[in-house]
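> quick one, what's the 3D model for this:
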Amino acid sequence: MIGVNTWVWVSPLTDEALAALAPRIAAWGFDVVELPVEHPGDWDPGRAAALLDGLGLGASVVLTMPPGRELVGASPRCVQETQDYLRHCVDVAVAVGAPAVSGPAYASVGRAWPMSRDERRALYTELREHLEPVVAYAAERGIRIGVEPLNRYETSVVNTVEQALEALPEDCGLALDTYHMNIEEKDPSRAVRLAGARIEHLQVCGTDRGAPGGDHFDWPGFAAAVRDVGYRGPLVIESFTADNTTIATAASVWRPLAPTQDALATEGLAFLRTLMT
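A predicted model of the protein is given here:
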C-alpha cells in the first residue's frame, strides 16, 4: 500500500481541504491518506471516515508535537495535557479506521539539549512512565502507538532505532521515516531490520524532502529490509508545502521540492509502485 500525507499540500488540515484533496489522491491511485491531527477540532473524523470510505481510501493518523506538548522534562499539568491530546489522537484513529497513531510522542519538535548517559537513562524512564498509559489506552481500542525517531536538529531525545528500543515501553511500536534515517542511521536498512516487528508505520520521501526515488537513498536495500521484517502497512509519502509559512519554517522547507506539489506526490507514487513490486 502507498499513501500520502496531506501536509504535501496544506496545514492545518480542514474538512474543506480534505474534501478537495481526497478525490484527487484516489484518482492518482494512492491507497491511503495520512491525516495529521495538529489541533483537535481542525477536521471532523466522522466526516473524514465517510469521505475516504466512499473513495476506497484507507487512513493513517499522525500526531504533532509543537511547543507545549511534552512527555518529559515538563510540569505534571503539561504532561497530563499531552497525554490527553495523544488519547484524542487514538480516538481519531478509531473513528477513521486507522490501525496506528504515529509521530514523535516524547517532546516538542525543536526542543534539544545535551544529556549525560545517566541523564538520558533517567529521561527514558520518565518517558516510559508517561507513555505507558497512552499505549494502554490505545491497546484497549485496538490501536497501536508508533513513536518516531527524529534527526538531531529536531530533537535530542530519540534519534535512532537503537535509542527508541531503549527508550520505549516494550508494548510500544516504532514509526520510521527515511528522511530522519538518512541523517541519523549509519545503515538505514539495518535499522529497519533492528526495529523488525515493532515497526507500526513507515514514512518515505527523498533525502531533500522531495519525491522518493530522485535522490541518493538506497531504496532497493530499504525495500528488501521492509520485506524481510514482514511489514504490511503503508509506505506514506511525507513532505511539506513551502506555501504555508508556519509549516515551511517548522520543516525548513525554503524552496520548492518539485515542479508542483501534485508532481511530488504522483512521481513518488510511480517510483514506490515500481520499487515494491
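> for the most far-flung residue of the chain relative to its centre, which three-state class applies?
For the chain, the largest distance from the centre (Cα atoms, centre = their mean) belongs to D118, which lies 28.7 Å off. Here D118 takes the helix state, with states given by DSSP: H, G, I helix; E, B strand; the rest coil.
> and it, how far from N182?
30 Å (Cβ to Cβ, to the nearest Å). C-betas here are computed from N, CA, C, even on glycine.
> show me the shaky parts of the protein.
Filtered on pLDDT under 70, the chain yields the residue ranges 244-245.
> tell me which stretches of it form helices.
Secondary structure of the chain by DSSP state H: the helices cover 15-28, 45-55, 76-96, 117-140, 161-167, 178-184, 188-195, 219-228, 245-250, 261-275.
> quick one: the ones you listed as CSV, columns for distance to G213 too.
Below are the helices of the chain laid out as CSV (distance: least, Cβ to Cβ, whole Å):
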stretch, distance to G213
helix 15-28, 16
helix 45-55, 25
helix 76-96, 28
helix 117-140, 33
helix 161-167, 23
helix 178-184, 11
helix 188-195, 15
helix 219-228, 7
helix 245-250, 23
helix 261-275, 3
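> nearest to R209, out of the ones you listed?
Ranking the helices of the chain by their distance to R209 (criterion: Cβ to Cβ) puts helix 178-184 first, at 6.1 Å.
> so what's the gap between the closest one and the chain middle?
How far helix 178-184 lies from its chain's middle: 13 Å, per Cα atoms, centre = their mean, to the nearest Å.
> just checking, what packs against it?
Helix 178-184 sits against helix 188-195, strand 199-204, with contacts defined as 3 or more Cβ pairs under 8 Å, 6 or more residues apart in numbering; DSSP states H and E.
> out of these, deepest packed?
Comparing those by mean neighbour count (mean count of other Cβ atoms under 10 Å), strand 199-204 ranks first with a mean of 26.
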